[in-house]
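[1] sharing a model prediction with you, sequence too.
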Amino acid sequence: MTDLKQYAELYASEAREHLGEMSRGLLALESDPTQRAVLDSVFRSVHTLKGMSAAMGFQPVADLAHAMETALDRLRGGGAAPSAETMDLLLRSVDVLEEAVEASVSGGVLPQVVDLVARLGAPEPAPEAPRPQAAAELERAPESVNAE
Amino acid sequence: MIGRCYTSTWRASSRTSTREGRRVTPVAKGKRVLIVDDAIFMRTMIGDILRQAGYEVVAEASTGAEAVQKFKELKPDLVTMDIVMPDMGGIDAVREIIKIDPHARILMCSAMGQQGLVVEAIQAGAREFVVKPFQPSRVLEAVQRVLS
């Protein structure tokens, strides 16, 4: 079996570069969501980190990166600007990715990624889509109303 | 996670008994390889697997455009090609390399979830593919099939 420890330092150094690219790119997209080249660049960084992490056996990092990649690919294919919620989710994911990378390299406690992976997998809500009647009625039901 | 290797040109007789890249395989002798991946980490890992098996890594490239340039200069026996890269992706690089040499031997190195792109790469002229994370024996088996 190949000793993966010999690659840990190289992995960490390159992973940090990609995490920096992701943060800078997402912040740039937040101020101007039309920058397609920036979106592509963030996608590539996430994709590269996914492959590197899988190669190191750092599965939580690879899983979260895979979910981010899927969400970013949806944005690339959709053409619509990402919602504020999606941007928050992506930025939060980068923070958790960073924690997961550092914990994986140092053998520390890994952050939970399951919830983020699930939220990233949910489709971007269509702002103009009519709300289903049943859902609207459920929200009006007494048990779903927050008592104040 | 164990990397999987798929092939459209599988031949059982080309299987190798090499394990984890520690043994020099007869087919490796004198074979010159160009490694293409945007991650230094991945290039290092693939390079180590190939060198340990006796292949000569003649160059590395981090973009598709650089790969095409180095292929022209060096005419390697084998190219390992990443798919998602800046400045010309792996599929376009395959097309360009096949224009230069229709008999070029190219092994695609893809991440999970890129089946569609892999099919496109094979249609463009790549011979085989391996999926990250790499298991050295799987990489070497695929390399041998591409070269045989």
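    Sure thing, it's come through.
[2] only C-alpha atoms for contact and neighbour calcs from this point on.
    Fine.
[3] closest approach to chain B from chain A, which residue is it?
    Minimum separation of chain A from chain B (C-alpha to the nearest C-alpha) falls at residue A:55, amounting to 4.1 Å.
[4] just checking, that residue touches residue B:136?
    No: in this structure residue A:55 lies outside contact range of residue B:136 using C-alpha atoms under 8 Å: 10.8 Å.
[5] before we move on, back to that, name the element the nearest residue in space to the residue of chain A closest to chain B that is not next to it in sequence belongs to?
    Using C-alpha to C-alpha, 6 or more residues apart in numbering or on different chains and skipping the chain neighbours, the partner closest in space to residue A:55 is residue B:133 (4.1 Å). Using DSSP states H and E, residue B:133 maps to neither a helix nor a strand.
[6] in the host helix or strand of the residue of chain A closest to chain B, which residues are buried?
    Secondary structure from DSSP H and E places residue A:55 in helix A:36-56. For helix A:36-56, burial by neighbour count (16 or more other C-alpha atoms under 10 Å in any protein chain shown) applies to A:38-56.
[7] again with stretch B:134-148
    Result for stretch B:134-148 [16+ other C-alpha under 10 Å]: buried residues B:134-147.
[8] kindly export that stretch (C-alpha atoms) in CSV.
    Output of stretch B:134-148 as CSV, limited to C-alpha atoms (Å, rounded to 0.1, in the frame of the first residue of the first chain):
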residue,chain,number,x,y,z
PHE,B,134,-6.1,6.1,-7.8
GLN,B,135,-5.0,2.6,-6.7
PRO,B,136,-1.5,2.2,-8.1
SER,B,137,-2.1,-1.3,-9.5
ARG,B,138,-5.2,-0.1,-11.3
VAL,B,139,-3.3,2.8,-12.9
LEU,B,140,-0.5,0.5,-14.0
GLU,B,141,-3.0,-2.0,-15.5
ALA,B,142,-4.7,0.8,-17.4
VAL,B,143,-1.3,2.2,-18.6
GLN,B,144,-0.2,-1.3,-19.8
ARG,B,145,-3.4,-1.7,-21.8
VAL,B,146,-3.0,1.7,-23.4
LEU,B,147,0.6,0.8,-24.4
SER,B,148,0.0,-2.8,-25.5
